[in-house]
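Engineer: Sequence plus predicted model, see below.
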Amino acid sequence: MSDTTAAGSSGPEIISPELISLDTDLGSTKEDVIRSLAARLTAAGRASDAAGLVDAALAREAQSATGLPGGIAIPHCRAEAVSAASLGFARLDPKVDFGAPDGPADLVFLIAAPEGAGAEHMKLLSSLARALVRPAFVTSLREAATPDEIVRLVDEVLSPAPKDPTPKDSAPKTAAVTPQSPVSTGKHATDETPAPATAERHIVAVTACPTGIAHTYMAADSLVAAGERAGVKVHVETQGSSGSTPLDPSVIAGAAAVIFATDVGVKGRERFAGKPVVASGVKRAINEPDKMLAEALRASENPAAATVDGTAAAAADSDAGSVGFGTHLRQVLLTGVSYMIPFVAAGGLLIALGFLLGGYEISGPAKDIVLNNSITNLPDGGLATYLGAVLFQIGSLAFSFLVPALAGYIAFAIADRPGIAPGFTAGAVAVFVGAGFIGGLVGGLIAGVVALYIGRIAVPQWLRGLMPVVIIPLFATLVVGALMFIVLGRPLAAITSGLTDWLNGLSGSSAIFLGIILGLMMCFDLGGPVNKAAYAFAVAGLNVNDPATLRIMAAVMAAGMVPPLAMALASTVLRPKLFSEAERENGKAAWLLGSAFISEGAIPFAAADPLRVIPSMMAGGAVTGALIMAFDVTLSAPHGGIFVFFAVGGIGWFLVSLAAGTVVAALAVVGAKEFFRKGPSDAELDPEIVPAAA
């Protein structure tokens, strides 16, 4: 066995015989297989906590299946529990389903990397992933008779013998991958540095997956191989964990089309603006690279094909491989909300600080105080009143961008930069006519769609430079502004007004029911679209002079604090042994995250065990939301958690409501884990009873 380490660094070999299991039954599910391989890695001293490694691997599985065509699976993760980059291998009998389109897998590599793994470790692991697209290597794995032979095969992939540098009389290469994949010389045997674009027809591509260890590079090599078969040069930029060397701008400029095979956002996508595009998840490039390449070539010859508008939003309309309409709509709306939140946080907290210094009555005279007084000409009430007015006015101005920012960045998500001006205008019109949050949503969608389709109008070459900066913003703004004023403004304002009147009329059991609904929404997906919808609803309607909106804001914030606080209570106080070491560490941090109203602090727990965690959190959120409404608690700050206590009306009942929901959720999740075990594997959550490797 060769002495293979991470690019010459000290440390254990990435794979060794004790990490290999041949022709064995490791269980009937992928969870069983992952747990068995994780136990082997832990027993070999490569991980400190099998449960932590399992949690990380299963969380990656939850994002997308790791089964590949041809009976292969590559579960993989980065985890704090991993002490050295390692490979666990199993040749299964019987096969186990890992979600591949053609059936279960018999060859399984568990790729485990430390959380802070260096680039060389990540390059070695990506080299293995790339080898798995080569039929000869896969066949050798199936025919190997001993673990030592498996180790030798993997070592040959990770550290191949240097090639003869003598030039050979052969045809030029037809594909290139960026960045170079490392071997002993620092370059992959099939890679080359992208040359400047020439008249030769070529395609560019970007591949990226959430973890950036395996699928990113396998997709790249699959596209490269497809290009070789088709006689078309393919340049691929891999945005993965081993680093990313951006494609040469001249290569992009000369490309006939672009392929985005990604499960995450494309970094620097504006570089590809105007290129015909085919978009899909990263696994499609592994499963159907020839089909994707053919689609890209067809798109390059189709004047009506979808093109990249900076954010590649147009890719959603691609004929094949694009995300669905519902998914794209959700992405668009969440983009608007995510860009809106900084205005909310800054403006809302400044308003709350203004109330702290100047009192709630400062909202009336604040404008006059700021305009007519100064630090040397203080108003009645002195310095505190003046500073309170200044803070309130700054916050109010920031807050006034809430609906325009929402609409503007919804349009941006659809049409990129040309959509910003019409989107902001649509939001401003929505505020002007009283259509509020609902008007901003509708106006932003219309502005984005109009800008997108104006951008697709064929125009002479001399006019193209004016399209994104003059023509599209001008006509899209005109269209959406006219629609909002003449057609949609009054109906949307009537809907908003009716909703506001209904909320103001809620009392007793009706208000409590609304609190329950808001609590359930805030805890359903912990920062996802449902959570954001409830939060945006509360923030957009927030009015310091309207107690109904202040109660809604209090219910939303308090319920959103429940999940991280409940998981912290359960994992660090009530029943720590029901949770892995990684979860117990997350629980310690969740105390602060929950106190600051950061619902995402509970995501690690929900990702590892959604069926028992999420319903428990929703139960606690419903209790808190109901109690907030029942006790008429109000909140005038849209963010900050317990740290904006001064903005809470009825702080005692706020704390009681929050504590009640937290306790209910914590007891529910403990009960679910204690009495509704998923199976014997749950015992592995306690590191004292993790089974040794078989």
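Structural biologist: Happy to help now that I have it.

Engineer: Can you point out the buried residues in stretch 606-613?
Structural biologist: Applying a neighbour-count criterion of 16 or more other Cβ atoms under 10 Å, the buried positions in stretch 606-613 are 606-609, 612-613. (Each C-beta comes from the backbone N, C-alpha and C, glycine too.)

Engineer: what does it contact?
Structural biologist: 55, 58-59, 62, 526, 563, 567, 580, 583, 602, 605, 614, 617, 669, 672-673, 676, 678 (Cβ atoms under 8 Å, 6 or more residues apart in numbering).

Engineer: want to throw the buried residues of stretch 606-613 into CSV with secondary structure?
Structural biologist: Written out in CSV, the entries for these read as follows (DSSP: H, G, I helix; E, B strand; the rest coil):
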residue, secondary structure
606, helix
607, helix
608, helix
609, coil
612, helix
613, helix
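
Engineer: Between which two of the residues you listed is the distance greatest?
Structural biologist: By the measure Cβ to Cβ, the buried residues of stretch 606-613 have their two most distant members at 607 and 612, which lie 12.3 Å apart.

Engineer: on that earlier part again, of the buried residues of stretch 606-613, closest to residue 208?
Structural biologist: Sorting these by distance to residue 208 puts residue 607 at the head of the list, at 19.7 Å, by Cβ to Cβ.

Engineer: List the buried residues in the helix or strand hosting residue 349.
Structural biologist: Here residue 349 is covered by helix 325-358, with elements defined by DSSP states H and E. Residues of helix 325-358 classed as buried under the neighbour-count rule (16+ other Cβ under 10 Å) are 328-329, 331-337, 339-341, 343-358.

Engineer: thinking again about what came up before, just send the buried residues of stretch 606-613 back as a markdown table, with pLDDT too.
Structural biologist: Below are these laid out as a markdown table (pLDDT from 0 to 100):
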| residue | pLDDT |
| --- | --- |
| 606 | 79 |
| 607 | 68 |
| 608 | 72 |
| 609 | 79 |
| 612 | 88 |
| 613 | 90 |
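
Engineer: Can you name the residues that contact the closest residue to residue 333 other than its chain neighbours?
Structural biologist: The shortest distance from residue 333 to any residue other than its chain neighbours is 6.4 Å, reached at residue 410 (Cβ to Cβ, 6 or more residues apart in numbering). The neighbourhood of residue 410, defined by Cβ under 8 Å, 6+ apart, consists of 332-333, 335-336, 423, 440-441, 444-445, 447-448.

Engineer: that older thread, name the residues that touch whatever helix or strand comes next after the helix holding residue 349?
Structural biologist: The helix or strand immediately downstream of helix 325-358 is helix 366-372, counting by DSSP H and E. Contact partners of helix 366-372, identified using Cβ under 8 Å, 6+ apart, comprise 354, 358, 362, 379, 385-386, 388-390, 392-393, 396.

Engineer: Need the buried ones from the contacts of stretch 606-613 selected in ChimeraX.
Structural biologist: When burial is assessed using 16+ other Cβ under 10 Å, the buried subset of the contacts of stretch 606-613 is captured in ChimeraX by this command:
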select :55,58,59,526,563,567,580,583,602,605,614,617,669,672,673
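
Engineer: doesn't residue 597 make contact with residue 557?
Structural biologist: Yes - look at residue 557 against residue 597 with Cβ atoms under 8 Å: they come within range, at 5.4 Å.

Engineer: Next, show the common contact partners of those two.
Structural biologist: 639, 641.

Engineer: Look at the two and report which has more neighbours.
Structural biologist: Neighbour comparison, residue 557 and residue 597: the larger count goes to residue 557, with 30 against 23 (by other Cβ atoms under 10 Å).

Engineer: So which residues of this structure form strands?
Structural biologist: Here the chain has its strands, by DSSP state E, at 20-24, 67-68, 72-73, 76-79, 86-96, 105-114, 175-178, 202-208, 233-238, 257-262, 277-280, 634-635, 648-649.

Engineer: mind giving me a markdown table with the ones you listed and columns for distance to residue 251?
Structural biologist: Shown next, in a markdown table, are the strands of the chain (distance: least, Cβ to Cβ, whole Å):
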| stretch | distance to residue 251 |
| --- | --- |
| strand 20-24 | 41 |
| strand 67-68 | 28 |
| strand 72-73 | 31 |
| strand 76-79 | 29 |
| strand 86-96 | 33 |
| strand 105-114 | 30 |
| strand 175-178 | 9 |
| strand 202-208 | 6 |
| strand 233-238 | 5 |
| strand 257-262 | 11 |
| strand 277-280 | 16 |
| strand 634-635 | 53 |
| strand 648-649 | 57 |
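
Engineer: In TSV, list those along with distance to residue 225 and mean neighbour count.
Structural biologist: As requested, those are arranged in TSV below (distance: least, Cβ to Cβ, whole Å; neighbours: other Cβ atoms under 10 Å):
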stretch	distance to residue 225	mean neighbour count
strand 20-24	28	17
strand 67-68	14	26
strand 72-73	16	25
strand 76-79	21	24
strand 86-96	23	21
strand 105-114	19	25
strand 175-178	7	24
strand 202-208	12	27
strand 233-238	9	27
strand 257-262	14	28
strand 277-280	17	27
strand 634-635	58	26
strand 648-649	61	20
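
Engineer: By mean pLDDT, show me the worst of those.
Structural biologist: Here the lowest mean pLDDT among the strands of the chain goes to strand 175-178, at a mean of 45.

Engineer: Spatially nearest residue to residue 530 (excluding sequence neighbours)?
Structural biologist: Computed as Cβ to Cβ, 6+ apart, the closest residue to residue 530 that is not its neighbour in sequence is residue 524, at 4.6 Å.

Engineer: What of residue 294?
Structural biologist: With sequence-adjacent residues excluded and distances taken as Cβ to Cβ, 6+ apart, residue 294 is closest to residue 230, at 7.6 Å.

Engineer: Okay, that neighbour and residue 293: tell me how far apart.
Structural biologist: For residue 230, the distance to residue 293 under the criterion Cβ to Cβ, to the nearest Å works out to 6 Å.

Engineer: Residue 340 now?
Structural biologist: Applying Cβ to Cβ, one obtains 39 Å for the distance of residue 340 from residue 293.

Engineer: Sketch out the low-pLDDT regions of the stretch 251-400 of the chain for me.
Structural biologist: Within the stretch 251-400 of the chain, the set of residues satisfying pLDDT under 70 comprises 264-265, 309-328, 330-331.

Engineer: Make sure residue 83 is actually in contact with residue 52.
Structural biologist: No - under the criterion of Cβ under 8 Å, residue 83 is not in contact with residue 52, lying 11.1 Å apart.

Engineer: With neighbour numbers in mind, choose between these two.
Structural biologist: Neighbours were tallied for residue 83 and for residue 52 using other Cβ under 10 Å; the higher tally belongs to residue 52 (26 against 18).

Engineer: Contacts only, for the more buried one.
Structural biologist: Applying Cβ under 8 Å, 6+ apart, one finds that residue 52 lies in contact with 79-81, 580-582.

Engineer: so which of those residues would you say is closest to residue 142?
Structural biologist: Looking across the contacts of residue 52 and measuring by Cβ to Cβ, the closest to residue 142 is residue 79, at 28.8 Å.

Engineer: so what's that closest one up against?
Structural biologist: Taking Cβ under 8 Å, 6+ apart as the definition of contact, the neighbours of residue 79 are 47, 52-53, 55-57, 112-115, 582.

Engineer: what's the closest of those to residue 15?
Structural biologist: residue 112 (10.9 Å).

Engineer: Show me what the closest one bridges to in the sheet.
Structural biologist: residue 77, residue 86 (DSSP bridges).

Engineer: does it really touch residue 77, like I thought?
Structural biologist: Yes - between residue 112 and residue 77 there is a contact at 6.4 Å, judged by Cβ under 8 Å.

Engineer: Need the residues touching each of the two.
Structural biologist: The overlap between the contact sets of residue 112 and residue 77 (Cβ under 8 Å, 6+ apart) consists of 53, 57.

Engineer: Just the contacts of residue 79: which are in helices?
Structural biologist: Among the contacts of residue 79, the subset assigned to helices under DSSP state H consists of 52-53, 55-57, 582.
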